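Engineer: sequence and predicted structure, then a few things I'm wondering about:
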Amino acid sequence: MQWNWQTVTWAVVALLLFAAEAMAPGAFMLWLGFAAAAVFVIVLAIPGVPVLAQVAAFVVLSFVSIQVYRTWFRGREPRSDQPALNRRADALVGRVVPLERAIVNGHGRVQIADAYWDVTGPELPAGVAVRIVASRGMSLLVEPAG
C-alpha cells in the first residue's frame, strides 16, 4: 500500500463529491463520488496505474454507477396518494358541477368554490350539470352529467 499524490488526489475528489452531495442533495454527485472512491481503491491496491487509465476508469465507473442509480433506485420512489395535489385543474377531473354560463360555440364557464373556470364541450344551456372529464391548461373539458 503506497500513498502518493495520485492516491491522495482520488481520495480528495471522492470526499469533495460526497460533500457536494451533502450540500446540494440530488443523488447525482453521490454516484460520481462512489466512482472516485472506487478509483481510489484501485490506485491504492495497484500502484503504478497510469493517470490516463485512472481517468478512463473514473469515467467508465461514473457511467456504470449512474446507470445503477437510474435502473434500481430512481424508479423505486414512493407513489403519492394525491398525485394531482399541485395540479389544481387535474384534481377537478370527475367532479360534477352546474354550468354558470351556457356553452356556446364550444365555450362556457363553471364556478367551483370561489373560482371561475373556462370549459369546452358540447352546446349546453346554463344550469345543466356537467362532469369534468379532462383539463387542458386552465380550461376544463366537460360532458353532460347523467
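Structural biologist: Structure received.
Engineer: strands of the protein, start to end?
Structural biologist: 96-104, 107-112, 115-120, 129-136, 139-144 (DSSP state E).
Engineer: can you give me the neighbour number for residue 31?
Structural biologist: 22 (other Cβ atoms under 10 Å). Using the backbone N, CA and C atoms, a C-beta is placed for each residue, glycine as well.
Engineer: how much space separates it from residue 65?
Structural biologist: 4 Å (Cβ to Cβ, to the nearest Å).
Engineer: state the pLDDT value of residue 139.
Structural biologist: Here the pLDDT value assigned to residue 139 is 90.
Engineer: same question, residue 120
Structural biologist: pLDDT for residue 120: 94.
Engineer: what's the answer for residue 28, then?
Structural biologist: At residue 28, pLDDT is 77.
Engineer: again with residue 7
Structural biologist: At residue 7, the pLDDT value in this model is 86.
Engineer: do you know how far it is from residue 33?
Structural biologist: Counting by Cβ to Cβ, the separation of residue 7 from residue 33 is 16 Å.
Engineer: and what of residue 93?
Structural biologist: Using Cβ to Cβ, residue 93 is found at 43 Å from residue 33.
Engineer: buried set for the helix-or-strand element of the chain with minimal mean pLDDT?
Structural biologist: Least confident helix or strand, the chain: helix 88-91 with a mean of 81, by mean pLDDT, DSSP states H and E. Applying a neighbour-count criterion of 16 or more other Cβ atoms under 10 Å, one finds residue 89 buried in helix 88-91.
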